[in-house]
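Trainee: next come a sequence and a model predicted from it.
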Protein chains: 2
Amino acid sequence: MKLINRDTDYAVRALCVIAREGGRLVSVTRLVKGLKIPRPFLRKILQVLNKKGILKSRKGKRGGFRLNFSLEKILLTDLIEAFQGPLRLNECIFKKKICPDRGACVLRMRISAIEEYVVSELKAITLASLV
Amino acid sequence: MKLINRDTDYAVRALCVIAREGGRLVSVTRLVKGLKIPRPFLRKILQVLNKKGILKSRKGKRGGFRLNFSLEKILLTDLIEAFQGPLRLNECIFKKKICPDRGACVLRMRISAIEEYVVSELKAITLASLV
DNA sequence: TATAAAGATACCAGACTAGTATCATTATGT
DNA sequence: ACATAATGATACTAGTCTGGTATCTTTATA
């Protein structure tokens, strides 16, 4: 029942380092020094961020990664969605079927309300506020 | 990233039915009729609730389960903790070690604040409010 | 043209999830 | 007494998720 998993956590750390370079390309080799993240795993994470358009990469010698947007435009929810899928705490287990138990549906409504709050709070966390 | 899993969901449904019997013993055989939960699975869930002291059981013919407390005293968080372990959305991944990245620690503080809210909201949901 | 970088993909071990299967124990009704 | 209907205890399993590894390809630079 964690809100963020290890991938997202690592992504935040890596992005903070990249952000502090202010637009210069940062290679994985550089990143692994500060962050204690296994190199191949970090690469996979950066590749995802690149595919999602959060980072921009350049191949070849002296290549690396830089942010694709300003710090304020990168939301924690973007990262969570990239690594953990859609932000739903509360997907009904019995999707299409009509819920057979009113008790459980009341429960679901209350959980939904909590979820909305959580999502709005998470959306308010930008990379800028973390660096 | 679900707040409640299937076990907890099933437990809520079962408890609602048992609650409506107002102290009379309810057998698994009775329960499986209304709820569409596989019988052996439901039994396992009820056994857990019994061990945790939320239900009280009686063995033998005409045995079954009944609530051990009044509806107001059974909290959703009791069920979540029984089936999903301690309510922590935010356990630091690097437990004992000093967190090497300030960004991630700021993140953790903000997640903690969200967590406190969620837990307090979940604590406010009692079985009485669901029946 | 060697080298240092990212891209793409496939793999793997362990934990978790949801559920099944079996046998033992106990209370009831006849 | 005893068949029966109930829970107690426990072990197993198939599938999915998590965290991480391994390997090969492509590309830019000095």
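Mentor: Done, it's in.

Trainee: so where do the helices sit in chain A?
Mentor: For chain A, applying DSSP state H gives helices covering A:6-20, A:28-34, A:39-51, A:76-84, A:102-123.

Trainee: name the helices or strands packed onto the fourth one?
Mentor: Okay, so that is helix A:76-84. helix A:6-20, helix A:39-51, helix A:102-123 (3 or more Cβ pairs under 8 Å, 6 or more residues apart in numbering or on different chains; DSSP states H and E). Quick note: C-beta positions are derived from backbone N, CA and C, even for glycine.

Trainee: now the second one
Mentor: Counting by 3+ Cβ pairs under 8 Å, 6+ apart, the packing neighbours recorded for helix A:28-34 are helix A:6-20, helix A:39-51, strand A:64-67.

Trainee: quick one: closest of these to B:A14.
Mentor: Closest approach to B:A14 among those (Cβ to Cβ): helix A:6-20, 34.3 Å.

Trainee: put the alpha carbons of the closest one into PDB.
Mentor: Extracted in PDB, the C-alpha atoms of helix A:6-20 (Å, rounded to 0.1, in the frame of the first residue of the first chain):
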ATOM      1  CA  ARG A   6      11.300   2.100  -5.700                       C
ATOM      2  CA  ASP A   7      11.300   3.000  -9.400                       C
ATOM      3  CA  THR A   8       9.500   6.300  -8.700                       C
ATOM      4  CA  ASP A   9      11.800   7.000  -5.800                       C
ATOM      5  CA  TYR A  10      14.900   6.400  -7.900                       C
ATOM      6  CA  ALA A  11      13.400   8.600 -10.700                       C
ATOM      7  CA  VAL A  12      13.000  11.500  -8.300                       C
ATOM      8  CA  ARG A  13      16.500  11.200  -7.100                       C
ATOM      9  CA  ALA A  14      17.900  11.000 -10.600                       C
ATOM     10  CA  LEU A  15      15.800  13.900 -11.800                       C
ATOM     11  CA  CYS A  16      17.000  16.100  -8.900                       C
ATOM     12  CA  VAL A  17      20.600  15.600  -9.900                       C
ATOM     13  CA  ILE A  18      19.900  16.200 -13.500                       C
ATOM     14  CA  ALA A  19      17.900  19.300 -12.600                       C
ATOM     15  CA  ARG A  20      20.800  20.800 -10.700                       C
END
